[in-house]
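> Okay, here's the prediction I keep looking at, along with the sequence it came from:
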Amino acid sequence: MASTMKVILVIALTMALSLAITMRTLVEETEEKPPLEGEDPLKMPDASAKIALPSKRSSRFLADTRNPRAADHCNKDGEVCTALGENYTCCNNKCVDLSYDKNNCGGCKNKCKFTYGCCGGRCTSLAYDKRNCGRCGNRCPTGDLCFYGLCNYNG
């Protein structure tokens, strides 16, 4: 019980410190600075017009704009998809495998229902199909049933 209270106290103090540092930074950015020598204070912009802007720092992970797992675009060149494999085709400007893509199973925009998977271009119940039990190609042994995606489940 005492260790739980210590953890909660540390978390609360960390949050308070983070909030204080953030607020201090915002206040410093929006404070009025006195005019420099030779500047006319009447020509200075109005302090009420200042808006606190977010930091311009960006993550190094956001530097690359291309997602390495993104599908190849194929709107102008359908041969891009055929180079990826036999069952690939262009659907909605992306190369997809019609054999295993849940959103384009056997054809473009043929979406499988929830808990169904696309196995060989057909929407299949992965929870109850003994030829594709839990995942595509997982065949249950002879005599066993597929129940909740498990072969020979005794619940």
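Good, I have the coordinates.
> Tell me, how many residues neighbour Asp101?
The number of residues packed near Asp101 is 23, by other Cβ atoms under 10 Å. For glycine as for every other residue, the C-beta is placed from the backbone atoms N, C-alpha and C.
> what do you get for Cys81?
The burial count for Cys81: 21, using other Cβ under 10 Å.
> Longest helix in the protein, please.
Using DSSP state H, we find that the single longest helix of the chain is helix 2-30.
> what pLDDT, on average, does that one get?
The average pLDDT for helix 2-30 rounds to 77.
> Could you point out the helix or strand that follows that helix?
helix 79-82 (DSSP states H and E).
> If we go by neighbour counts, what in that next one is buried?
Neighbour-count burial for helix 79-82 flags Cys81 (criterion: 16 or more other Cβ atoms under 10 Å).
> now swap in stretch 102-117 and tell me
So for stretch 102-117, counting by 16+ other Cβ under 10 Å, buried means 104-105, 110, 112, 116-117.
> Looking at those, which is nearest Leu17?
The shortest approach to Leu17 among the buried residues of stretch 102-117 belongs to Gly117, at 48.2 Å (Cβ to Cβ).
> contacting residues around the nearest residue to Asn138 once chain neighbours are set aside?
In space, not counting the residues next to it along the chain, Asn138 is nearest to Asn132; the distance is 6.2 Å by Cβ to Cβ, 6 or more residues apart in numbering. By Cβ atoms under 8 Å, 6 or more residues apart in numbering, the contact set of Asn132 is 117, 119, 124, 126, 138-139.
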